[in-house]
Structures are given as structure tokens and as C-alpha cells.
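K.L.:
quick check, what structure comes out for this input:
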Amino acid sequence: MKLRGGFTLLEVLIALIITVAAGVLLSTAWSGNLLRVRKATLYDNVAQLLQRKIAEINAANSKKKFSEIHNEDGTFGDEYPQYRWTFTTQKFSLPDLGAVMASQKGGANQMLVTMLTKMREIMSKTILEATVTVYVKVRNKEFPYSVTYYIVDYDDPINIGI
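P.N.:
From the prediction side, this is the model:
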């Protein structure tokens, strides 16, 4: 009986199983990396669009009084069709620290409470809270990404009233 120089069926099956396992591992790693690249691109686009929109809004509203600044919304055009934005404002609200101080043991110093109340009143008139939100549509779902910042009116004189 002559021996052949080929592979047995068992050897071929083992080699095939090893090759398939390596292929599955590589494809899993590749698809995971592809997903990470897509997410990184999306986050980078959102960050750039938020930064760009904030700069545009600040430039457009730089000389306006708070009463002239209005909520807006829009799209980023054909360049970014799955993205849209909104701009909203609200009065800045500082918590009432006088009430917290009055509830402390021994009560609160009345002068300090008066100063905090006046500071709260001044800050609510001179600071505006603004939020820019970029919405991204991915597979028929919309995801919001927001940045909140504060606009300060440096030109309005402050009446301390002391």
C-alpha cells in the first residue's frame, strides 16, 4: 500500500475551523472599529456645528438688548441634511441663597441677606441663559446635543440703589 502526500479529512476540517474563527474575529473587530469611526465623525460634526452656530448667533446679537434677542431654529443646508438646530433663551435664575442662610442655626446676617437679594436681582437683569441645540437624525431617530452658555449685558447700567 502506497502512502499519499495529501491531508486527511480531519486536518482539512481543523484548518477550516481555524480559518473561519479568524475570519469571524477579524470581521467583528472591523465592524466595531467602523462603528467607533462613525460615532467619532458624528460627534466631531456636532461639535463643529455647535461652535459655528454659537459664533453666528453671538455675532448677530452682539449689539442687541435682551428684549431684542429671540428664539430661532433652522437647518444647516444641503451640506448637513440630517442636522438641524434651535436657539432658545431664558432669564438667568440664581437660587435664593437668603432663604438657605435664614434656615441655618443662629439665623442669617440681615445685611448679607439683603446684599444677596440685590445681587440676585441685578444678575437676573444682566445675564441671559442661552441654549443652542443641534439635532441629528440617525435611522429615523433624532438625538439632541446642547450647549448652554450665558450672555452678559455689559452696557446696561446697574442701579445698586444703596
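K.L.:
after the least confident helix or strand in the chain by mean pLDDT, next one along is what?
P.N.:
Scoring the helices and strands of the chain by mean pLDDT, DSSP states H and E places helix 97-102 at the bottom, with a mean of 70. Once the chain leaves helix 97-102, the next helix or strand it forms, by DSSP states H and E, is helix 110-126.
K.L.:
report the buried residues of that following helix.
P.N.:
For helix 110-126, the buried set under the neighbour-count rule, 16 or more other CB atoms under 10 Å, comprises Val113, Leu116, Arg120, Ile122, Met123, Thr126. Any C-beta I mention is one placed from the backbone N, CA and C, and that applies to glycine too.
K.L.:
who touches the third one in this structure?
P.N.:
Right, Arg120. With contacts defined as CB atoms under 8 Å, 6 or more residues apart in numbering, Arg120 is in contact with Leu94, Asp96, Leu97.
K.L.:
and if you look at Tyr149?
P.N.:
Contacts of Tyr149 by CB under 8 Å, 6+ apart are Ile54, Ala130, Thr131, Val132.
K.L.:
which of these lies closest to Ser27?
P.N.:
Closest approach to Ser27 among the contacts of Tyr149 (CB to CB): Val132, at 39.6 Å.
K.L.:
that closest one: neighbour count?
P.N.:
By the criterion of other CB atoms under 10 Å, Val132 has 23 neighbours.
K.L.:
quick one: distance of stretch 144-153 to the chain centre.
P.N.:
10 Å (CA atoms, centre = their mean, to the nearest Å).
K.L.:
distance check, the residue nearest to Ser93 when sequence neighbours are not counted against Lys65.
P.N.:
Of all residues not flanking Ser93 in the chain, Ser124 sits nearest, at 6.6 Å (CB to CB, 6 or more residues apart in numbering). Applying CB to CB, to the nearest Å, the value for Ser124 to Lys65 is 15 Å.
K.L.:
cool, and Asp96?
P.N.:
Applying CB to CB to Asp96 and Lys65 gives a distance of 26 Å.
K.L.:
neighbour count for the two, which is higher?
P.N.:
Comparing Asp96 with Lys65 by other CB under 10 Å, the one with more neighbours is Asp96, at 13 against 10.
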